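Asker: got a structure for you, letters missing:
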Ligand code: SF4
């Protein structure tokens, strides 16, 4: 890598905000010998352009010996972020490749068949005479050979060890704040009727310790491998059999990794065994080990970008980096404080024991906020489907349902798309929409956080960490989500959007985690006020609907579909089969 080249490689004709200063700090950090640079860049700092500049500084073939890695990867856990990169003309030299299921086979009579169910995966020895034109294989070939390749983190991790995507000089990870959690998710092994064919025939014994669990996993892997081999040897498979073969191959790979990791840990491996209703989960407690072969071994230098890497030492510990090899570059926020106000409107606490009392007050509050914003679309972060349902029922009883939209687990993407496309000032009660949502301008002018988004203490891994006193991790996880959420409605320097905090626990969180607030967010918290809201008046809440059109229909693309039992918004949807 030649850090000095970052300026020449910046893809825009001129710098905006603090981009030039950020590039200088990034250059210096690499020049000082750091292997990893964390770039804490708030919304609107043009992270993707900084990413491209760093990628452009990678070693090139002309400057390399036969064994030097060359080129760069761009990867992100968020499919929407990869979509944005692909659509950006300034980033058109990033060769994007996606999972097989995102492409259609082009053979006659197979045009609605995704590549992961096409004849080349269904029929043994199938020789496709148009493979050179196949959209998937052609994108993979281009990405494999281009200097700059881009893919989701799921695809990137999945291709560890592949010939096509070997070690490169530079790896950029965008939206990297949740890297440890993503790795935990990818490395988690779920065994139940959804993930293991013929699960009802599997007898799960007592698993009192990891050694016993590894013995069970080994036996199960052997059994599944025999079934996968039988399918592989069959001349021709149906689409269902292909799906089964792929699921078997995934489970065998995961189970072998688990067994190897337990054996390598010699009784000190970091896994939790969690018996679930009708199944069992193996939960990794140390995702850093998983990240070594899937991420850290894949590059010489790394650049990790996010608005919400809150604590360098804690982040490094979570992902297996030595803080001594890591530099932190802070990019200042350029959006005026007045454009991103926070409002304290909390009528109480939304903790489990107070929720019954507080939820009706939050519903009344929403009616008053709707009256305050009669003509503007708003997003309500409901936090859970239980809270969402409780609010929707009460809003219906209050007579304002006409302006309220909801979604469930299966129609999340279509309902969101329909709301985004609509010109009506509707209010969307969303669940897990704190990240990866760009509500620029009139797409939403206001939003409400209904509950402090602490990790779920019923999750075995969360409970284990809290048993170990990891309250700093617990608070930071919630704070990170809050800061991500606050960025949804203010997307550019001229954009404005109000964020209302409806849970008093959020205010406690800001006090407890004060030292972890990025300076630009601390400014927002310090400037927070309590607004004068209109009185409760359902008619006033609906006033902006006069003249607004009827409900619009949503649309559903391939990316919205389910993938063999995974929820529609599951991050592994992008992984190739
Ligand atoms: S390689 Fe051929 S058979 Fe396979 S998906 Fe592509 S076009 Fe279809």
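Answerer: Thanks, I have it. Note that the structure is a prediction, hence the values are computed from the model and not measured.

Asker: show me the shaky parts of the stretch 251-400 of the chain.
Answerer: Residues of the stretch 251-400 of the chain that meet the criterion pLDDT under 70 lie in 266-269.

Asker: and the residue in it that the ligand sits nearest to, how many residues sit next to it?
Answerer: Nearest residue of the stretch 251-400 of the chain to the ligand (C-beta to the nearest ligand atom) works out as residue 253 at 22.2 Å. To be clear about C-beta, it is placed using only N, CA and C from the backbone, and glycine gets the same treatment. Residues contacting residue 253 under the criterion other C-beta atoms under 10 Å number 14.

Asker: now residue 163
Answerer: 7.

Asker: now residue 123: closest residue in space that isn't a chain neighbour?
Answerer: residue 236 (4.8 Å; C-beta to C-beta, 6 or more residues apart in numbering).

Asker: distance check, the one you found against the ligand.
Answerer: Distance, residue 236 to the ligand, by C-beta to the nearest ligand atom, to the nearest Å: 13 Å.

Asker: count of neighbours near residue 465?
Answerer: 18.

Asker: make 48 the starting number, not 1.
Answerer: Got it, first residue is 48 now, which makes that one residue 512.

Asker: my guess is it contacts residue 523, does it?
Answerer: No - Residue 512 is not in contact with residue 523 according to C-beta atoms under 8 Å; the separation is 11.5 Å.

Asker: on that earlier part again, spell out the secondary structure type for the residue of the stretch 298-447 of the chain closest to the ligand.
Answerer: Assigned state for residue 300: helix (three-state reduction, DSSP: H, G, I helix; E, B strand; the rest coil).

Asker: ok, residue 106 next?
Answerer: Assignment for residue 106 (three-state DSSP): coil.

Asker: tell me the predicted confidence for it.
Answerer: Listed pLDDT for residue 106 reads 96.

Asker: now do residue 597
Answerer: So residue 597 comes in at 57 (pLDDT).

Asker: if we can go back for a sec, got the phi and psi for the residue nearest to residue 170?
Answerer: Dihedral pair for residue 283: phi -140, psi 140, per degrees, to the nearest 10.

Asker: how many residues are close by it?
Answerer: Applying other C-beta under 10 Å, I find that residue 283 has 11 neighbouring residues.

Asker: now it: how far from residue 244?
Answerer: To residue 244, residue 283 is 19 Å away according to C-beta to C-beta, to the nearest Å.

Asker: test my guess that residue 441 contacts residue 407.
Answerer: Yes - Residue 441 lies in contact with residue 407 (C-beta under 8 Å); the separation is 6.0 Å.

Asker: neighbour count: the two, which is higher?
Answerer: Ranked by neighbour count (other C-beta under 10 Å), residue 441 and residue 407 place residue 441 first, with 19 against 16.

Asker: separation between the closest residue to the ligand within the stretch 448-597 of the chain and residue 122?
Answerer: Of all residues in the stretch 448-597 of the chain, residue 460 sits closest to the ligand, at 24.7 Å by C-beta to the nearest ligand atom. Separation of residue 460 from residue 122 (C-beta to C-beta): 22 Å.

Asker: show me what from the protein comes close to the ligand.
Answerer: 152, 153, 154, 162, 165, 166, 167, 175, 177, 178, 181, 184 (C-beta under 6 Å from any ligand atom).

Asker: please narrow those residues to those residing in helices.
Answerer: Among those, the members falling in helices (DSSP state H) are 166, 167, 184.

Asker: check contacts around residue 101.
Answerer: 53, 56, 73, 84, 119, 217, 219, 350 (C-beta atoms under 8 Å, 6 or more residues apart in numbering).

Asker: report the separation between the first one and residue 211.
Answerer: Put plainly, it is residue 53. Residue 53 is 27 Å from residue 211, by C-beta to C-beta.

Asker: now residue 453
Answerer: Counting by C-beta to C-beta, the gap from residue 453 to residue 211 is 42 Å.

Asker: quick one: the helices in the stretch 48-197 of the chain?
Answerer: 66-78, 94-103, 126-134, 166-169, 182-192 (DSSP state H, counting those that start in this stretch).

Asker: got it, and the stretch 198-347 of the chain?
Answerer: According to DSSP H, counting those that start in this stretch, the helices that the stretch 198-347 of the chain contains are 200-205, 226-234, 257-280, 286-312, 334-341.

Asker: for residue 233, what are its contacts?
Answerer: Residue 233 touches 201, 204, 337, 341, 619, counting by C-beta under 8 Å, 6+ apart.

Asker: please redo it, this time with the cut-off set to 6 Å
Answerer: residue 204 (C-beta atoms under 6 Å, 6 or more residues apart in numbering).

Asker: and it, what's its pLDDT?
Answerer: 89.

Asker: burial of whichever residue of the stretch 248-397 of the chain sits closest to the ligand, as a residue count?
Answerer: Taking C-beta to the nearest ligand atom as the measure, the point where the stretch 248-397 of the chain comes nearest the ligand is residue 289, at 11.8 Å. Residue 289 has 18 neighbours, counted by other C-beta under 10 Å.
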